[in-house]
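[1] Give me coordinates for this.
(one chain, ligands or ions: 1)
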Amino acid sequence: MVSLKFIRKIQNIPNVYSFIFEPPKDFNWVAGQFVQITVPHENPDNRGVKRFFSISSAPFEKNVMITTRFETENSSSFKKAFYIMKPETLIESTQAMGEFIVKKQDKKIIFAAGGIGITPVRSIVMDLDYKNKLNNIDLLYTNRDNNILFKEDLENKQKNNSSFKIHYFINPVFICEETLNKIYDKLPDCRIYISGPPAMVKGITELFSSKGISKDYIRTDYFPGY
Ligand SMILES: Cc1cc2nc3c(=O)[nH]c(=O)nc-3n(C[C@H](O)[C@H](O)[C@H](O)COP(=O)(O)OP(=O)(O)OC[C@H]3O[C@@H](n4cnc5c(N)ncnc54)[C@H](O)[C@@H]3O)c2cc1C
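    Here you go, the predicted model:
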C-alpha cells in the first residue's frame with residue numbers, strides 16, 4: 001500500500017472532476033493502469049470505502065490524477081466523502097495495476113472509449129505523445145452529450161500528430177456497424193482498446209469480433225457503476 005497526498009481538484013466538465021495527488025517518490029505506473037483507493041468516512045453505504053480508478057495522468061506528468069463523475073444527491077457515500085476531501089489529506093492506495101496498456105505498436109491501434117472510460121486513454125495518449133509514438137492511432141470517442149471530457153488535451157495532440165485521429169460519436173449517434181463503415185471502408189489490421197461502461201464495452205467488443213478482429217487483439221477496461 002502507498003499513501004497519496006491530495007493536492008487539489010479541478011472541474012473538467014459539468015459533474016466531472018479531476019483529483020490531483022502527489023505520490024511517494026517510488027510510486028510508478030504505466031499509462032492506462034488503475035489503482036484501488038480507500039477513503040474512510042462515517043456511515044459508508046453498502047458499497048463501502050474502496051473504489052477502483054484509472055490514473056488519468058501520464059507518468060511524465062508526475063502527479064497521479066483521478067477523474068470521476070458525481071451524480072450529486074444520488075452519489076454514493078464514497079463519492080460524497082471524496083468530493084469534500086481537504087488538501088493535504090493522505091489516502092491509502094494500492095500500487096498501480098492492470099493490463100490496459102500499450103505494449104506493442106506493430107499494427108494500427110484503435111481506442112474506443114465511452115464517457116468516463118476516456119480516463120486511461122487520456123493517460124496513454126499523453127504518454128505516447130511524450131515519447132513521440134502517437135502514430136497510426138484512431139480514437140473512437142462516444143459520449144452522452146457535447147460535454148467532452150479532456151477534449152482540449154486530446155485535440156491538441158491531434159493537431160500535432162497527423163496520424164492520430166479522433167472520431168466523436170455523440171448520442172444519439174453510437175459506435176455501430178453503420179457508423180464504423182463510414183470511417184473504415186475495410187477495417188485495418190489493428191489492435192483495439194475498449195474502455196467504458198460494461199454494456200458499451202461488451203457491445204463494441206462484439207462489433208469488432210464480428211468484423212473479424214481476434215479476441216487476442218482486443219483489450220478491455222470495464223467501469224462498473226456506470
Ligand atoms: C479498473 C477500473 C477502473 C475504473 N476507473 C474509473 C475512472 O477512471 N473514473 C470513474 O469515475 N470510475 C472508474 N471506475 C468505476 C468506479 O470504480 C466506480 O464503480 C464508479 O465511479 C461508480 O462509483 P460509485 O459506486 O461511488 O457510484 P456513484 O458514481 O456515486 O453513483 C452513480 C449512480 O449509479 C448508481 N450505482 C452505481 N453502482 C451501483 C451499485 N453497485 N448498486 C447500486 N447503485 C449503483 C448510483 O446509485 C448512482 O445513481 C473504474 C472501475 C474499474 C474496475
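[2] Identify the residue nearest the geometric centre of this structure.
    T119 (2.1 Å; CA atoms, centre = their mean).
[3] Skip ahead from the helix or strand harbouring that one and say which helix or strand is next.
    Counting by DSSP states H and E, the element that carries T119 is helix 118-130. Using DSSP H and E, the helix or strand that follows helix 118-130 in sequence is strand 137-143.
[4] And the contacts of that following strand?
    Contacts with strand 137-143, where a contact means CB atoms under 8 Å, 6 or more residues apart in numbering, come from 108-115, 118, 121, 125, 128, 148-149, 154, 163-171, 174-175, 180, 183, 196, 200. In this view, the C-beta of every residue, glycine as well, is placed from N, C-alpha and C.
[5] repeat that with 7 Å
    Applying CB atoms under 7 Å, 6 or more residues apart in numbering, the contact partners of strand 137-143 are 109-115, 118, 121, 154, 163-171, 174-175.
[6] Just the ones of those in strands?
    Cross-referencing the contacts of strand 137-143 against strands under DSSP state E gives 109-114, 164-170.
[7] any idea which of those is closest to the ligand?
    Closest approach between the ones in strands among the contacts of strand 137-143 and the ligand, by CB to the nearest ligand atom: A113, at 10.8 Å.
[8] residues touching that closest one, list them.
    121, 139, 141, 195-196 are the contacts of A113 under CB under 7 Å, 6+ apart.
[9] The residue nearest to the centre of the chain: what's it in contact with?
    54, 56, 67.
[10] Please repeat the previous calculation with a cut-off of 8 Å.
    Per CB under 8 Å, 6+ apart, neighbours of T119: 53-56, 66-67, 149, 195.
[11] Pick the one among these closest to K25.
    Minimum distance to K25 across those is 16.4 Å, recorded for I55 (CB to CB).
[12] What count of nearby residues applies to the closest one?
    By other CB atoms under 10 Å, 28 other residues sit near I55.
[13] A112 too?
    29.
[14] closest point of the chain to the ligand, which residue?
    Counting by CB to the nearest ligand atom, the chain gets nearest the ligand through G225, at 2.8 Å.
[15] Just the element for that residue, please.
    Taking DSSP H and E as the definition, G225 sits outside all helices and strands.
[16] Could you pull out the buried residues of the lengthiest strand in the chain?
    Looking across the chain with DSSP E, the single longest strand is strand 2-13. Residues 2, 4-6, 9, 12 are the ones in strand 2-13 that count as buried (16 or more other CB atoms under 10 Å).
[17] Quick check: next helix or strand after it?
    Tracing the chain past strand 2-13, the next element assigned as helix or strand by DSSP H and E is strand 16-22.
[18] How about the helix or strand just after that following strand, which residues are buried there?
    As assigned by DSSP H and E, the chain's next helix or strand after strand 16-22 is strand 34-38. By neighbour count on 16+ other CB under 10 Å, the buried set for strand 34-38 is 34-35, 37.
[19] which ones among those residues come in contact with the ligand?
    Among the buried residues of strand 34-38, the ones lying near the ligand by CB under 6 Å from any ligand atom are F34.
[20] got the buried residues of strand 34-38 as TSV, with pLDDT columns?
    Putting these into TSV (pLDDT from 0 to 100) gives the following:
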residue	pLDDT
F34	98
V35	98
I37	98
